[in-house]
Structure formats: C-alpha cells, structure tokens
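Student: Next come a sequence and a model predicted from it.
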Amino acid sequence: MTPSPRDDASFDRLLDGTVAPGDVPAELAEVARLVRAARGPATAEELRTAAAIAAAVPTVGAVVPLREARPRGRRALVRLAIVGGVVLVGATAAAATGNLPAPVQSAVSSAAERVGLDVPDGEPPPPADDPALPGPDVPPEQARPALCAAWAQDGKPKRGTAFDRLERAAGQGGVDEYCADVLTTVPVSPGGPGGSTGKPADTPAATGGPDGSTGKPEGTPGTTGGPDGSTGEPADTPGKPADTPGTTATPPSSGPPSSDGRPDGAGPPTKPDAGDREGKADRAPQP
Amino acid sequence: MHQIAAPRGRVTTTVGQATLGVASSAVRVGTAAHEGGRSGVASDFETLLGAARAGNPRALSALFRDTQPLVLRYLRAREPRVAEDLASEVWLGITAKLGTFEGDEAAFRSWVFTIAHRRVADHRRKQGRRRTDPVPGDQLDGVSPQDTAVDAIEELTAQEAIRRLVAPLPPDQAEVVLLRVVADLAVADVARITGKSEGAVRVLQHRALQKLAAVTTRPQSAV
C-alpha cells in the first residue's frame, strides 16, 4: 500500500489497526506496528491510575440521573413562565397608564386589545380644532339642546364636565342666553327637557353628559372660558368669540409630548436567552 | 464485578442482576473477529450507558474504567505533565452531562474526546503556550528508526507506541493521529472536534503517515 490521498480506505484500515504490518508496504510496516501497539489493551498501570482518578473525583457514582434531569428542565420552564407573566402584567399596567415609550406602548396596546383590554396606544389625541370631529371642550351639536334643557330645568347653576363644556361653548354671552337660542331654534327631543331627573336622557354617550354631580359651582357662570385644568383647551368653537382676554391660546397640558406619529414595526420585546451557556463545550450531543 | 479478559479485551461488567459486556480499549486490537464482535456488544453498551445515566454507581464505574485508559493515553500524549489532572476534569465533565447524553458507543466516545480535546485547549490557553511543538525525528529522545527496528512490538507499551507515533509530527497532524488511533474516531468526528473539514483531516493524516513512514522505515535487512 502506498500512501495516496485517493486511498482513504487504506489509510483508515491502517489507522484503525485492522491491517497487519505484513500486509502493508515496507515503509509503513513499522507504522502499522506502532498503531496496533497504541491500540493495545489497557495496562495494569493505566487501570490503577484510572481507579485512582475515579476515587478522587467525587462525582463518580453521583451522576445526575436522567429522571432528575428532566424535572429540572420543567422547573426552568415554570420559572420562565412566571417571569414572563410578571413582565406581561407589569408591562400591561405600565401601558394602561401610558407610561411606556411610544413603540412599546403601541405594541402592548395591540396585544392587550386582542384579549379585550383597553390600553391606550400612545397616539396623541386628535387636535381640538379638527373640523371633522367635535372639539373635546364643547358639547356636540346634537347634545346641546338636551344640555340646555337640563341647565334651565330648575334655574340653578350646574357643575360637571358637560356643563363646563356648555359654558365654554356659550362664551361671554352666558349659558342662559346661549341656551335660549339653542332651545328656540332646535326642538328638544321628548324626554329631554321634560324629564324629572334633569338628565339629558338621549345625550350621546360620547359627549360625556352630565355626571350627576349636584355640587355647587365654584365659579360664576359669567366668568366663562377659564380653563379648569382638565384640558386647557380654549373654547374656539367656530362662530363663537374667544374667551376672556388672557386665556387664549393655552397650549394643551395633557397628552404625550412629541408623539407625532404611530410607530410602525414595533416588534415584541427581545426574548431572554434561555440557553444554558455553562458547559457548552461539554454539551452532550443529541443525535 | 469488573473483569478484563486480555488480550481480546472484552470487559464483562456485572451491574445488579444484569451482565453487561462492553467494548473497551482492549477490544480495539484490530482483527476481523473483533470487528464482528463490536456490533454485537452495541446493545450491551447501551444497557450499561442507560444504567449509568440512571445513576447506577457500578455502571458508572464500569463506564469510567472502559473509557479512562483511552483518555489517559490521549492526555499523556498531549499534556504528559498534567494528564491525570486533566483526566479528572474530563470525567467531571462527563458525569455532569451524562444525564442528558443520548447516543451509541461511538457517539459516547466522540463526546468524551471532545471534552478531553477542549480541556487540553483550555489548559494550553491558561498556560499561554503550546507544548507540543514539532520535533525532528532525528532529535527525538533516543527514538530512531534503528531503535524502532530493534524493539520487539511485544515490548512496546501502548503509551510508548503513541509517543513514537506523534512525536515526529506537527501538532495538527499529531492531534489527528491521536484521535484516529487512540480514540478510534472516524474522520467526521475528528473533523468536528478539531474544527476542520473532513478533507483537511484526511490531508493531515496522509501527511502524517508519510512523515511517519519516512521516520520509522526499517532497513531492508530488518524486514
């Protein structure tokens, strides 16, 4: 046999000791002898040394049985599930208060929406002067007759978000005058002004109708236009004069700053690396 | 009970009520009869391995005794001064992960020598130098073709034969020869352990054999 890269089988037989020294070319006979000697039986000295090592290694005889290794994996899964649950609850709670960064807020909102949770998506509220939408600080057109009817029911000033908006819609002229115009030009639906409760029964829910508060007003109706701190939005209803001087153009005090666009492609949080890096070099092969 | 029947090298181990026959280092004296026997003990090895994985101390001890002499030979060839310490570390690594091991005897042997190979690499990294440098054949510690010719093969210990096989070789060729001869690994396993392609491993072993042939060639009169 002549060593040749094209004779891999001969090399294999030589190296695994399956060929006798007399069956190989003369130049490889000694190599064949050395190979067979190197693959010889364990000597007494090797066995003694192996026994000494076995005695010195405390884990010999204390290998972790397979039946115990599997529950360890299950425990790791349980721990991972607990950690994941805590993170999910925490993220949802933070998202519910709008305290997450915009991309994360949007992602959590989308995920929570699928399970029926109402979480703000971090988008800025629509601008108050959007002509396509009713402003947040004035009652919508269709709710004004009912609100005015409720306002004028017992002649006492009312408090509440809806009435505050009504005051802002009325402007300097006052609610009484404003409502007089509303009630004379728009017919009130049955059950509205004639109701005994004073609540606008047919007020759309979106208007945020009277909240039932019967508390005394903190400010006179004549001083309209003063921001109550809830929205800070001036009453710039078209056709109505601006509020009292000095209260105009108050910038919004609420809403997320500089959230000027929906983040797209907000991916899920990075998964934790659950790989056990310990003992990577010794990882048992899994055929 | 652990018995060794030399020179055929079949180790018979009694674990509990079961008698397990396991191919050991002694088995790997290449004969056709032995090759036929190796496949016959595959299921025995699996039984032994299963018992060891289940924590049976006798099975584990038997597995250790069958494996450790080979590991010792390999480590003594690569890091003779710390071979036994490294062997302990290898066995610690085996016992730590044995519960998750799945495979046959060849896979187990490959896994064991993967650990041994990496323990040597870790040791050398800590030492900051490589000790296995190529040594010209004519400068070997009393080893010469004439010595080899004079020695009777029966008087050679396995470790001495290994030393003569790898001493003339560069480190990469020596590693391939060690894993092929001592660990009895296939080319694919050697390639995986050393991080080389199978083709590169075959080239290395070819060059190693050429080098060994040149170093150990007997005088024609001695053949």
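Tutor: On my side now, so go ahead.
Student: Quick check: the gap between the closest residue in space to A:E177 that isn't next to it in sequence and chain B.
Tutor: In space, and not counting its chain neighbours, A:E177 is closest to A:A170: 7.2 Å by Cβ to Cβ, 6 or more residues apart in numbering or on different chains. Any C-beta I mention is one placed from the backbone N, CA and C, and that applies to glycine too. Separation of A:A170 from chain B (Cβ to the nearest Cβ, to the nearest Å): 78 Å.
Student: count of residues packed around A:A170?
Tutor: A:A170 has 26 neighbouring residues, counting by other Cβ atoms under 10 Å in any protein chain shown.
Student: That one should be in a strand, yeah?
Tutor: No - in this structure, A:A170 is helix, not part of a strand, as judged by DSSP: H, G, I helix; E, B strand; the rest coil.
Student: isn't it right up against A:D181?
Tutor: No - when contacts are counted by Cβ atoms under 8 Å, A:A170 is not listed as touching A:D181 (9.4 Å).
Student: quick one: low-confidence ranges for chain B?
Tutor: B:1-43, B:129-155, B:218-223 (pLDDT under 70).
Student: where along chain B do the strands fall?
Tutor: Taking DSSP state E, the strands of chain B run over residues B:2-5, B:10-15, B:18-23.
Student: buried stuff in stretch B:74-84?
Tutor: B:74-79, B:82-84 (16 or more other Cβ atoms under 10 Å in any protein chain shown).
Student: so where's the stretch 101-250 of chain A shaky on pLDDT?
Tutor: Using pLDDT under 70, the stretch 101-250 of chain A drops low at A:101-139, A:155-157, A:186-250.
Student: please redo it, this time with the cut-off set to 50
Tutor: For the stretch 101-250 of chain A, applying pLDDT under 50 flags the ranges A:126-135, A:188-250.
Student: what about A:S10, which SS state?
Tutor: Once three-state DSSP is applied, A:S10 turns out helix.
Student: how close does it get to A:P25?
Tutor: Distance, A:S10 to A:P25, using Cβ to Cβ, to the nearest Å: 10 Å.
Student: Among the buried residues of stretch B:74-84, which one sits closest to B:R164?
Tutor: B:R164 has its nearest neighbour among the buried residues of stretch B:74-84 in B:A77, at 10.4 Å by Cβ to Cβ.
Student: if I pick the closest one, what's in contact with it?
Tutor: Neighbour list for B:A77: B:159, B:162-163, B:166, B:174, B:178, B:182 [criterion: Cβ atoms under 8 Å, 6 or more residues apart in numbering or on different chains].
Student: now the helices for chain B?
Tutor: Counting by DSSP state H, the segments of chain B that form helices are B:32-40, B:42-53, B:57-78, B:83-97, B:105-127, B:145-150, B:158-166, B:171-181, B:187-194, B:198-216.
Student: if we compare the ones you listed, which one ends up closest to A:L47?
Tutor: So among those, helix B:57-78 is nearest, using Cβ to Cβ, at 6.6 Å.
Student: in that closest one, what's buried?
Tutor: Buried residues in helix B:57-78 (16+ other Cβ under 10 Å): B:58-78.
Student: A:L147 contacts A:L166, doesn't it?
Tutor: Yes - assessed by Cβ under 8 Å, A:L147 is found in contact with A:L166 at 5.0 Å.
Student: what's the spacing between B:A188 and B:G55?
Tutor: Applying Cβ to Cβ to B:A188 and B:G55 gives a distance of 31 Å.
Student: Looking at these two, which one has more neighbours?
Tutor: B:G55 (18 against 11).
Student: I'd like to know how many residues surround B:R125.
Tutor: B:R125, neighbours per other Cβ under 10 Å, totals 10.
Student: same deal with A:G174?
Tutor: 15.
Student: same thing with B:K97?
Tutor: Using other Cβ under 10 Å: B:K97 sits among 19 other residues.
Student: Kindly report the same for the one 5 residues further on.
Tutor: Using other Cβ under 10 Å as the criterion, B:E102 is surrounded by 13 other residues.
Student: Quick check: phi and psi at it.
Tutor: When read as degrees, to the nearest 10, the backbone of B:E102 gives phi -140, psi 130.
Student: from the contacts of B:A77, which is closest to A:W151?
Tutor: For the contacts of B:A77, the nearest to A:W151 is B:L178 (98.2 Å; Cβ to Cβ).
Student: Spit out the contact partners of the closest one.
Tutor: By Cβ under 8 Å, 6+ apart, the neighbours of B:L178 are B:74, B:77-78, B:162, B:166.
Student: how much space between it and A:P140?
Tutor: Taken as Cβ to Cβ, the span from B:L178 to A:P140 is 87 Å.
Student: before we move on, what about A:E177?
Tutor: 20 Å.
Student: same question, B:D122
Tutor: Distance from B:D122 to A:P140, by Cβ to Cβ: 75 Å.
Student: quick one, which of the two is more surrounded?
Tutor: A:P140 (17 against 13).
Student: Looking at the helix or strand containing A:R33 now, give me its mean pLDDT.
Tutor: Assigned by DSSP states H and E, A:R33 belongs to helix A:26-38. Mean pLDDT, helix A:26-38: 90.
Student: Just the buried residues of that helix, please?
Tutor: A:27-38.
Student: What is the helix or strand just after that helix packed up against?
Tutor: Next in sequence after helix A:26-38, counting helices and strands by DSSP H and E, comes helix A:44-56. Using 3 or more Cβ pairs under 8 Å, 6 or more residues apart in numbering or on different chains; DSSP states H and E, the elements in contact with helix A:44-56 are helix B:57-78, helix B:83-97.
Student: can the last one be found next to chain A?
Tutor: Yes - under the criterion of Cβ under 8 Å from any Cβ of the partner chain, chain A is reached by helix B:83-97 at B:84, B:87-88, B:91-97.
Student: are any of those buried, and which?
Tutor: B:84, B:87-88, B:91-97.
Student: Can you report how many residues lie near B:E160?
Tutor: B:E160 has 15 nearby residues by other Cβ under 10 Å.
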